[in-house]
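Peer 1: could you work out the structure for the sequence below:
(2 chains)
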Amino acid sequence: DTEVTQTPKHLVMGMTNKKSLKCEQHMGHRAMYWYKQKAKKPPELMFVYSYEKLSINESVPSRFSPECPNSSLLNLHLHALQPEDSALYLCASSPGVRGGTEAFFGQGTRLTVV
Amino acid sequence: GENVEQHPSTLSVQEGDSAVIKCTYSDSASNYFPWYKQELGKGPQLIIDIRSNVGEKKDQRIAVTLNKTAKHFSLHITETQPEDSAVYFCAASSAGGTSYGKLTFGQGTILTVHP
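Peer 2: This next block holds a predicted model:
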């Protein structure tokens, strides 16, 4: 089973709203990632969690706040977003915390900020 | 940091033909090269990967080749079928201690297979 589950699949939020994206994997993977993907572009890394600790923040604005409550769950808290933050948000997980191991992606959350 | 170039950006083939997508990378420390297929409205799906200690890997109709010296790798799809139509991304990753498996993606190739 190489499944990464993301909820919700679609989300529309206003610029003053607070919402959260959720990601879950039960493969025992030790690294989890948030990527952002704009239309017709490749995924761009936002955050990496390694053993439930934030290891990489790719200079993401503070209106995006990640959280890793346990080894299977990853959340992305959203607050005061801008319309340009509309995108597909992808969660991924990987068995190892070093490079060179497979990364498996979820189906993504399509976020629209109005 | 790593930079991955991917060509072509679009590729149109007839069903049954072969398709080849090429990528080059810049960081000689990169040692893991996955390929992802992304269908409309879905997340990227890992279809094949290769590590730097291997020159070629095959899985049924798909194969990947790697030339470490030239820093390029390619995806080969034979006997293409309409369901192969999707966006394909190459990526590179380093096993370096602080990389944590960060993937650097190419810009993607839109493959269209005409029946």
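
Peer 1: so residue A:23 makes contact with residue A:91?
Peer 2: Yes: in terms of C-beta atoms under 8 Å, residue A:23 counts as a neighbour of residue A:91; the distance is 3.4 Å. All C-beta atoms are positioned from the backbone trio N, CA, C, and that covers glycine.

Peer 1: list residues touching both of those two?
Peer 2: With contacts defined as C-beta atoms under 8 Å, 6 or more residues apart in numbering or on different chains, the residues adjacent to both residue A:23 and residue A:91 are A:4, A:6, A:32, A:34, A:74, A:76, A:106.

Peer 1: name the helices or strands packed onto the helix or strand harbouring the fifth one?
Peer 2: Translated: residue A:74. Assigned by DSSP states H and E, residue A:74 falls within strand A:73-79. Contacts of strand A:73-79 with other secondary structure elements, assessed using 3 or more C-beta pairs under 8 Å, 6 or more residues apart in numbering or on different chains; DSSP states H and E, are made with strand A:18-25, strand A:31-37, strand A:44-50, strand A:64-70, strand A:87-94.

Peer 1: could you pull up the mean pLDDT of stretch B:66-79?
Peer 2: This predicted structure assigns stretch B:66-79 an average pLDDT of 96.

Peer 1: neighbouring contacts of that stretch?
Peer 2: For stretch B:66-79, the surrounding residues in contact (C-beta under 8 Å, 6+ apart) are B:16, B:18-26, B:28, B:33, B:35, B:48, B:50, B:52, B:54-56, B:61-65, B:84, B:88, B:90, B:111.

Peer 1: nearest to residue A:19, of the shared contacts of residue A:23 and residue A:91?
Peer 2: Distances from the shared contacts of residue A:23 and residue A:91 to residue A:19 were compared by C-beta to C-beta; the smallest belongs to residue A:76, at 9.2 Å.

Peer 1: is the closest one in a bridge, and if so with what?
Peer 2: Note on residue A:76: beta-bridge partners residue A:21, residue A:66, judged by DSSP bridges.

Peer 1: tell me the pLDDT of it.
Peer 2: At residue A:76 the predicted local distance difference test score is 98.
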